[in-house]
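1. Sequence below, structure please.
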Amino acid sequence: SDVSESASHANPVVVMGKDGAVELDNGVINLSVSRTKFSLLSGLSVHGRAIVGPSSDVRVFPAEGTPMSIGALPPESITIEESGPLRAVIKATGRFAAVNEGRLEYICSITMYAGQELVKIRFWLRNSGAYGYNLPQAQSEWFAFDGVALDLDLEPLLQGDAISVVSAGVEGRVALGDEWRIAQYGESPDFDSMHFAVEHNGEALATGHHTSGVTRIRAGSTSLTVGVRRFWQNYEKAISLQDRRLSLWLWPRFGEWPRTGSSRGAIDEGPRRPTTYHLPGGTQKSHEILLDLRSGRTVLQSSATLEEPLMALASAGHFAATEAFGLFAEGGFVPDDPAAASALAGQDAWARNVFDPQARASIHEARRGTRHGYWFGWMDFGDLNWDSARGRGPSS
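-> Here you go, the predicted structure:
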C-alpha cells in the first residue's frame, strides 16, 4: 500500500491505499473512498466512532429516464493531489456512462486537515458537450436533469429513535421515519420574493428570506454539522434528512434553469421546462461542502468556518494607496511584455468598472437594477453585470 506521512505536526494526515480504497487519517478522523464504486464516502469515523456508513451515494435524476447513481460505476481515477504537513487532498473523477451520451462527468476533491475534526469536499458536475447558447446543435448537447443529491449514510451515527436537528435557529427532534428539510427557493420574480423554509413532515417550522442552510445533527454526545457554501446565493438548494439518510441537494427537484418566469431578452437560452435544470455543454459547476465534527462548536461557528475562512490579506490602506484592485499587481504597473501589458490593462479596467459607482455596468448599477432575476442562482452568482441599461444581465 502507498503511505505518505509527515512528522512535523502532532497529528499529521496519513494517506493509505489498501483493500480497494484510499484512506485518510489524522489521528482523530478516519475516512475512506472506494476504488471499486464511488459513493462519495465509503466510511467516516471520529475518535473511533463510525459516523458515515458505506451506503452513501451520489444520485442524478435525468429529466427523462430513471435516476442514476455514481456508485454504480468505479471511478476512472483516484489520485493523491496533496500530502503535506498540514493537509492532504484526494481527487476522484469519473462519469455516468449512459447519461447525456457519456458527456456527464464528475470531479470530487476531499480535503482533511492535520489534527482537525472537519472535512471539506468540493464536487463538480461537468458537461463535456458542445458549448453554445444560440446554436441548436449545441443546445442539443445540454444536459437536462431534475435534481442532484449527495447522500450520506448516517446509520452508524443515528442509532437511537430520535435525534436533534438545528438549522436556521430552529431545533427539532426527528424520529425514524420522519422527514426534515431546509430549502432555499429563488427569485420569483424578484429578489424580494426569495425565501426559505424549514419543514418537519411537511409542516413549516420557520420561514424567511434567505439562509446559510448550515445544519447540525446530534445523536447523544456526537454531532455532525453540514453545510454547502453560498447556499442561498446559489439557489435552489436543500438539505434533507429521512430514514437516516442525509441528502445535500445541490440541485433540489423543485428548482429549474433557465427559469420559465423570466427572460434575458434577445438571447435564446434554449429549452425552458418547469422544475427542470439544463447544464450547458462546455460548462461545469462546483460546490464546496463542510463536514464539521468538532465538539462544542455552534452552528454559527461552523457556518463561519465554511463561509468566511481565515485568509492573509493586505490592509485596506495598502489597497487604497496602491490601487491594487486587480488580481496581479498594483495600479499603474506595466510589464515589459506587450501582450501581458495589454492583458493587465484590460484587467485593471475591468476591476475599476466593477467598483466605480458611475459605471453603467458596475456592481452598484446591478444593485439598482429593477428588472427581475439573474443576480443570484447557480448559473449567475459571481457573474458581473453588463449592459444593464438595456436589461441584458450578467456575464461570467
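2. and the spatially most central residue of the chain, what element?
-> Centroid-nearest residue in the chain: His287, 1.7 Å away (criterion: CA atoms, centre = their mean). His287 is part of strand 283-292, with elements assigned from DSSP states H and E.
3. Go ahead and confirm Arg273 touches Thr260.
-> Yes: the pair Arg273 / Thr260 is scored as a contact, 7.3 Å apart, by CB atoms under 8 Å. Every C-beta, even on glycine, is put in place using the N, C-alpha and C of the backbone.
4. Spatially, what comes nearest to Ala329 if we skip its sequence neighbours?
-> Leu344 (6.5 Å; CB to CB, 6 or more residues apart in numbering).
5. what about the one you found, is that helix, strand or coil?
-> Each residue gets one of three states, and Leu344 gets helix by DSSP: H, G, I helix; E, B strand; the rest coil.
6. ditto for the one 5 residues further on
-> When classified by three-state DSSP, Ala349 comes out as helix.
7. Tell me the spacing between it and Ala359.
-> As judged by CB to CB, to the nearest Å, Ala349 and Ala359 stand 10 Å apart.
8. The two: which has the busier surroundings?
-> Ala359 (15 against 11; other CB atoms under 10 Å).
9. Quick check: buried residues in stretch 299-314?
-> Using 16 or more other CB atoms under 10 Å as the burial criterion, the residues of stretch 299-314 that qualify are Val299, Ser302, Ser303, Thr305, Leu306.
10. Among those residues, which lie within helices?
-> When the buried residues of stretch 299-314 are checked against helices using DSSP state H, the ones located there are Val299, Ser302, Ser303, Thr305, Leu306.
11. can you pull the pLDDT of the second one?
-> Yep, that's Ser302 we're talking about. At Ser302 the predicted local confidence, pLDDT, stands at 94.
12. can you give me the helices in the stretch 251-396 of the chain?
-> For the stretch 251-396 of the chain, the helices defined by DSSP state H, counting those that start in this stretch cover 299-307, 316-322, 338-355, 363-368.
13. okay if I get these as a markdown table plus distance to Ala97?
-> Compiled in a markdown table, the helices of the stretch 251-396 of the chain are given as follows (distance: least, CB to CB, whole Å):
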| stretch | distance to Ala97 |
| --- | --- |
| helix 299-307 | 33 |
| helix 316-322 | 49 |
| helix 338-355 | 40 |
| helix 363-368 | 41 |
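14. nearest to Pro62, of those helices?
-> Taking CB to CB as the measure, these were each checked against Pro62, and helix 299-307 came out nearest at 29.8 Å.
15. and for the closest one, what are the contacting residues?
-> Applying CB atoms under 8 Å, 6 or more residues apart in numbering, the contact partners of helix 299-307 are 118, 166-167, 212, 214-216, 225, 227, 229-230, 288, 290, 292, 294.
16. swap in stretch 320-336?
-> Outside of stretch 320-336, the residues within contact range by CB under 8 Å, 6+ apart are Ala314, His318, Phe319, Ala341, Leu344, Ala345, Gln347, Asp348, Ala351, Arg352, Phe355.
17. Any idea how far apart the tips of stretch 204-217 sit?
-> End-to-end distance of stretch 204-217: 18 Å, with CA to CA, to the nearest Å as the criterion.
18. Name the residues of it that come out as buried.
-> By 16+ other CB under 10 Å, the buried positions in stretch 204-217 come out as His210, Thr211, Ser212, Gly213, Val214, Thr215, Arg216, Ile217.
19. quick one: the strands in the stretch 151-300 of the chain?
-> Assigned by DSSP state E, counting those that start in this stretch, the stretch 151-300 of the chain shows strands spanning 162-167, 170-175, 179-185, 195-200, 203-208, 215-219, 222-228, 237-242, 245-251, 277-279, 283-292.
20. Pipe these into a markdown table and attach distance to Asp380 per row.
-> Listed next are those as a markdown table, based on distance: least, CB to CB, whole Å:
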| stretch | distance to Asp380 |
| --- | --- |
| strand 162-167 | 25 |
| strand 170-175 | 29 |
| strand 179-185 | 14 |
| strand 195-200 | 18 |
| strand 203-208 | 21 |
| strand 215-219 | 25 |
| strand 222-228 | 17 |
| strand 237-242 | 14 |
| strand 245-251 | 14 |
| strand 277-279 | 13 |
| strand 283-292 | 11 |
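21. Dump the ones you listed into JSON lines; add distance to Gly53 and mean pLDDT as well.
-> Written out in JSON lines, the entries for those read as follows (distance: least, CB to CB, whole Å; pLDDT from 0 to 100):
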{"stretch": "strand 162-167", "distance to Gly53": "15", "mean pLDDT": "90"}
{"stretch": "strand 170-175", "distance to Gly53": "18", "mean pLDDT": "91"}
{"stretch": "strand 179-185", "distance to Gly53": "19", "mean pLDDT": "97"}
{"stretch": "strand 195-200", "distance to Gly53": "24", "mean pLDDT": "97"}
{"stretch": "strand 203-208", "distance to Gly53": "28", "mean pLDDT": "96"}
{"stretch": "strand 215-219", "distance to Gly53": "13", "mean pLDDT": "94"}
{"stretch": "strand 222-228", "distance to Gly53": "12", "mean pLDDT": "95"}
{"stretch": "strand 237-242", "distance to Gly53": "15", "mean pLDDT": "96"}
{"stretch": "strand 245-251", "distance to Gly53": "10", "mean pLDDT": "97"}
{"stretch": "strand 277-279", "distance to Gly53": "29", "mean pLDDT": "93"}
{"stretch": "strand 283-292", "distance to Gly53": "14", "mean pLDDT": "96"}
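22. quick one: low-confidence parts of the stretch 1-150 of the chain?
-> Across the stretch 1-150 of the chain, the stretches falling below the confidence threshold (pLDDT under 70) are 1-9, 71-72, 134-136.
23. What segments of it are helices?
-> In chain order, the stretch 1-150 of the chain shows helices spanning 136-139, with DSSP H, counting those that start in this stretch as the criterion.
24. give me the beta-bridge partners of Asp292?
-> Leu118, Thr225 (DSSP bridges).
25. Give the full set of residues in contact with it.
-> Asp292 touches Glu117, Leu118, Leu224, Thr225, Val226, Gly227, Ser302, Thr305, Leu306, counting by CB under 8 Å, 6+ apart.
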